[in-house]
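# 3D model of this:
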Amino acid sequence: MIRLLEALRSKRTDEGFSLVEVVVAMVILGLLATGISAGAGLVIRMTADNRSRQIAVNLAEQQLDIDRGILDPFEIHPFGPGETLPAKQQVVSGRTYTTTQKTSLKTVDGSDISCGSGKTIYYRSIGVAVDWSGRLPTTNPVTSETVISPNGRINDASTGSIAVLVRGSAGTGEAGVTVSITPVSASATTLQTQPVPTDVEGCTYALGIVPGTYRVSISRNGSIDPSQNPAPSTDLQGNVTVTAGSTSPVNFTYDQAATFPVGYRPANAVLPTKLPVTFLSIGSPYASSSSTAAPSSVSLYPYASGYTAIAGAEADPVTGRTTCAAQDPAAWPAGTYAGKKVGAGVRGSTATADPGATAAAPGLTVPVGTFTVRSTTPLYLTAVAQSSTTNGQPACDSPQTFTFSTFSTSATVTLALPYGSYKLSSSVVSGGTLLPIGALLGLAPVTDPVNGVLASFDPMSSTLTLDPRPAS
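Sure, this is the predicted structure:
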């Protein structure tokens with residue numbers, strides 16, 4: 001044993017650790033320090049995130065308390081991305097918290113409904129979400145929900161209510177629409193107060209209404225409905241009957257009007273003193289007033305499909321029934337007539353515009369038939385539309401009369417009319433005796449490029465035909 005110890009002592013040195021051992025030890029120490037530091041940082045971030053989450057919980061509950069404190073639950077609205085009202089933001093302890101809110105109306109069985117569905121509303125569901133800057137990916141935003149029952153506030157055993165829903169062209173609610181409710185039947189009574197304007201969901205209510213029949217109308221500056229009515233009401237769709245203990249729905253489609261500049265081709269032609277224009281889209285045709293001059297601009301419901309325009313009152317704006325198809329260039333068929341092959345007539349181009357916006361130039365271009373006259377005597381010219389089917393011409397069941405103011409010139413003047421056939425006459429004074437024109441004015445239809453090759457004038461019958469079909 002003594003010899004063994006001596007042998008071991010003889011092998012001891014004072015050399016210490018090698019360089020490799022030192023490097024390995026430092027690497028291990030660095031890894032341990034990094035892990036400890038990362039762990040400590042994560043703990044700090046999680047602690048801060050938990051603190052932020054608790055603040056978010058408090059903010060969500062605060063928002064719900066605000067909602068519960070609103071006397072009228074129908075004044076509680078959604079806000080946040082995709083809504084009319086922006087999300088709420090506030091900074092707490094250096095972090096930004098964003099609060100959004102969703103709401104929905106519910107029936108007694110919990111089904112979601114709109115305010116214009118006609119079902120009695122029992123609850124308003126409210127969902128609040130709060131997110132914050134620097135939130136860890138593993139942490140979800142705070143959400144909180146509640147239900148408010150308006151049952152005792154809008155339903156009454158002896159009275160009823162009217163729910164009005166106004167949607168725009170995009171199918172979403174229209175805010176700020178004024179609603180007026182007036183009695184129609186003898187049992188109905190005047191409301192003490194009118195409903196407030198529609199909210200961001202396009203909804204408003206009239207509560208505590210005595211049973212009876214009521215007229216509901218809406219209005220908003222610069223807005224219009226699909227029938228081009230700026231102040232629509234229930235007169236056409238049927239007035240509203242209110243019964244005790246129930247909600248009667250009224251739905252309107254209404255949006256900011258779009259503006260369409262209107263021009264006429266060719267631009268240098270003289271138009272009649274009074275000329276309606278028919279505007280066509282997916283809805284009923286709309287004709288401007290027949291007692292005014294041709295419009296240079298018009299405000300229309302903003303159909304996404306846009307509009308085309310036709311000179312003349314081509315169709316009935318209420319029924320949509322075609323009254324004078326000859327005025328529509330697209331109604332003239334292609335074919336071979338009077339020994340000439342012609343193509344189909346073509347309307348002007350389509351123009352579109354967003355709600356409240358103006359259509360891009362040139363807007364709506366209205367093609368018109370043209371003819372020339374030359375007179376040295378002041379004349380008033382009258383053109384009475386005729387129903388004719390010669391050469392495939394479309395019929396005109398409701399003939400219209402157009403007049404031109406006096407003109408006196410030895411030069412040639414180009415005049416314009418809607419397409420079709422006309423009996424022409426003239427007078428030397430306004431309202432004087434009308435005489436057939438015959439060949440006195442040297443009248444001739446323009447055959448190129450506006451009118452087709454079959455445009456003609458018969459001096460014997462004083463009949464002018466303006467045909468839009470080009471040679472084929």
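
# you'd agree residue 371 is up against residue 441?
No: using Cβ atoms under 8 Å, residue 371 is not in contact with residue 441; the gap is 9.7 Å. The C-beta positions use only the backbone N, C-alpha and C, and glycine is treated the same way.

# the two: who's more crowded?
residue 371 (27 against 21; other Cβ atoms under 10 Å).

# now do the contacts for the closest residue in space to that one that isn't next to it in sequence.
Leaving aside its sequence neighbours, residue 371 sits nearest to residue 445 (Cβ to Cβ, 6 or more residues apart in numbering; 4.4 Å). Applying Cβ atoms under 8 Å, 6 or more residues apart in numbering to residue 445 gives the contacts 369, 370, 371, 372, 451, 455, 456, 457, 464, 465, 466.

# now with 7 Å?
The neighbourhood of residue 445, defined by Cβ atoms under 7 Å, 6 or more residues apart in numbering, consists of 371, 451, 455, 456, 457, 464, 466.

# what pLDDT does it get?
Looking at residue 445, its pLDDT reads 90.

# distance of it relative to residue 325?
According to Cβ to Cβ, to the nearest Å, residue 445 stands 20 Å off from residue 325.

# could I get the contacting residues of residue 287?
Contacts of residue 287 by Cβ under 7 Å, 6+ apart are 276, 277, 278, 313, 317.

# mind checking which of these are buried?
276, 277, 278, 313, 317 (16 or more other Cβ atoms under 10 Å).

# C-alpha coordinates for stretch 256-264, PDB please?
Output of stretch 256-264 as PDB, limited to C-alpha atoms (Å, rounded to 0.1, in the frame of the first residue of the first chain):
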ATOM      1  CA  GLN A 256     -77.000  57.900 -51.800                       C
ATOM      2  CA  ALA A 257     -77.800  58.800 -55.400                       C
ATOM      3  CA  ALA A 258     -75.200  58.600 -58.100                       C
ATOM      4  CA  THR A 259     -74.800  61.400 -60.600                       C
ATOM      5  CA  PHE A 260     -74.700  60.700 -64.300                       C
ATOM      6  CA  PRO A 261     -73.700  63.500 -66.900                       C
ATOM      7  CA  VAL A 262     -75.900  63.100 -70.000                       C
ATOM      8  CA  GLY A 263     -74.700  64.000 -73.500                       C
ATOM      9  CA  TYR A 264     -76.300  63.500 -76.900                       C
END
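
# can you give the domain ranges for this structure?
Domain segmentation of the chain under automatic domain parsing yields 56-152, 155-255, 259-466.

# picking that back up, any of the contacts of residue 445 buried? List them.
Looking at those with 16+ other Cβ under 10 Å, the buried ones turn out to be 371, 451, 455, 456, 457, 464, 466.

# export the residues you listed to a markdown table and tack on pLDDT, distance to residue 256 and secondary structure?
Formatted as a markdown table, those follow (pLDDT from 0 to 100; distance: Cβ to Cβ, whole Å; DSSP: H, G, I helix; E, B strand; the rest coil):
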| residue | pLDDT | distance to residue 256 | secondary structure |
| --- | --- | --- | --- |
| 371 | 92 | 40 | strand |
| 451 | 86 | 38 | coil |
| 455 | 92 | 41 | coil |
| 456 | 91 | 46 | strand |
| 457 | 91 | 46 | strand |
| 464 | 93 | 42 | strand |
| 466 | 95 | 37 | strand |
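
# let's have these in CSV, adding distance to residue 145.
Putting the buried ones among the contacts of residue 445 into CSV (distance: Cβ to Cβ, whole Å) gives the following:
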residue, distance to residue 145
371, 72
451, 69
455, 71
456, 76
457, 77
464, 73
466, 68
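
# closest one of those residues to residue 210?
Closest to residue 210 out of the buried ones among the contacts of residue 445 is residue 466 (59.6 Å), distances taken as Cβ to Cβ.

# from residue 129, how far off is the closest one?
Taking Cβ to Cβ, one finds residue 466 at 65 Å from residue 129.

# check residue 287 too.
For residue 287, the distance to residue 129 - Cβ to Cβ - is 50 Å.

# the closest residue to residue 55 other than its chain neighbours: how many residues sit nearby?
Leaving out its chain neighbours, the residue that sits closest to residue 55 by Cβ to Cβ, 6+ apart is residue 92, at 5.4 Å. Residue 92 is flanked by 14 other residues according to other Cβ under 10 Å.
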